[in-house]
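K.L.:
Turn this into a structure:
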Amino acid sequence: MSNTPFRPDDLDTASDGGSKFLGFVPVGIVDYEDKTDQFDWADLYLVVTLKIEGSQYPNEMKILGSYDREPNGNIKTCSLLKKVYRLFDVLGFKGGPDVQGKMVDEDGTPIDNIATFLNQNFLGDSPLEPDTKYYAYVYKEQGKKDPSKVYTTTYPRLTLNNEKGRAELESFIDFLKSKNLIKEAPAGMTNNSTPSNGMPVGGTRTQF
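P.N.:
I've put the predicted structure just below:
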């Protein structure tokens, strides 16, 4: 009987979210979920479930927050509105929030549940094995209230997975890092918790 370590050549130790699946990665969209009703402070809490190329584990990207509003209650240009339209533009969806913040399609018809609408119209032919047509940035973020905790965060912006889209996202993330708006956990720290209060973490707090 051999006492040597058993380590097959095809053993993938990075499949638990290690460095192989961090940084700039090709992704496909698996599902959309609208959790807005669960949070009083949120005008939108949309969870986009992503599958990273080569990984068996899902990642979540969250588009969430509250709209800034004019004195009459109409929404105005703000961080959340930018995030919403960046997602919709890359999906090819021509609708969006109306002046009151309610989702409508491109003809102005109200959308009761944006996640249901996106699942019906903006998933690929095989959502379990989606085409990795998008490009995302995934990183480890150290907890702000408890620095001992680390979360895997997907910055809330997708681009198309082509030469132009990759260059656009990489330039944007470099800009955020230069302004210290993305703060990554020190090397060697591993995930040990997940947020429980639903409040935004990581890139979702920035104004970009």
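
K.L.:
which residue ranges form the strands in the protein?
P.N.:
Using DSSP state E, the strands assigned to the chain run over residues 23-34, 44-52, 58-65, 96-97, 103-104, 134-142, 150-154, 159-160.

K.L.:
List the buried residues in the third one.
P.N.:
Right, the one you point to is strand 58-65. By neighbour count, and taking 16 or more other CB atoms under 10 Å as the criterion, the buried residues in strand 58-65 are 59, 61-65. Using the backbone N, CA and C atoms, a C-beta is placed for each residue, glycine as well.

K.L.:
Please, where are all the helices along the protein?
P.N.:
Counting by DSSP state H, the chain has these helices, from start to end: 79-91, 114-121, 163-178.

K.L.:
tell me the mean pLDDT over the shortest one?
P.N.:
If you average the pLDDT over helix 114-121, you get 96.

K.L.:
and it, what other elements does it pack with?
P.N.:
strand 23-34, strand 44-52 (3 or more CB pairs under 8 Å, 6 or more residues apart in numbering; DSSP states H and E).

K.L.:
what sits up against stretch 74-91?
P.N.:
43-44, 46, 48, 63-70, 94-97, 99-101, 118, 122, 134, 156-160, 165, 206-208 (CB atoms under 8 Å, 6 or more residues apart in numbering).

K.L.:
Can you select the buried ones from those residues in PyMOL?
P.N.:
For anyone working in PyMOL, the buried entries among these, judged by 16+ other CB under 10 Å, can be selected with:
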select buried, resi 43+44+46+48+63+64+65+67+95+96+97+101+118+134+156+157+158+159+165+208
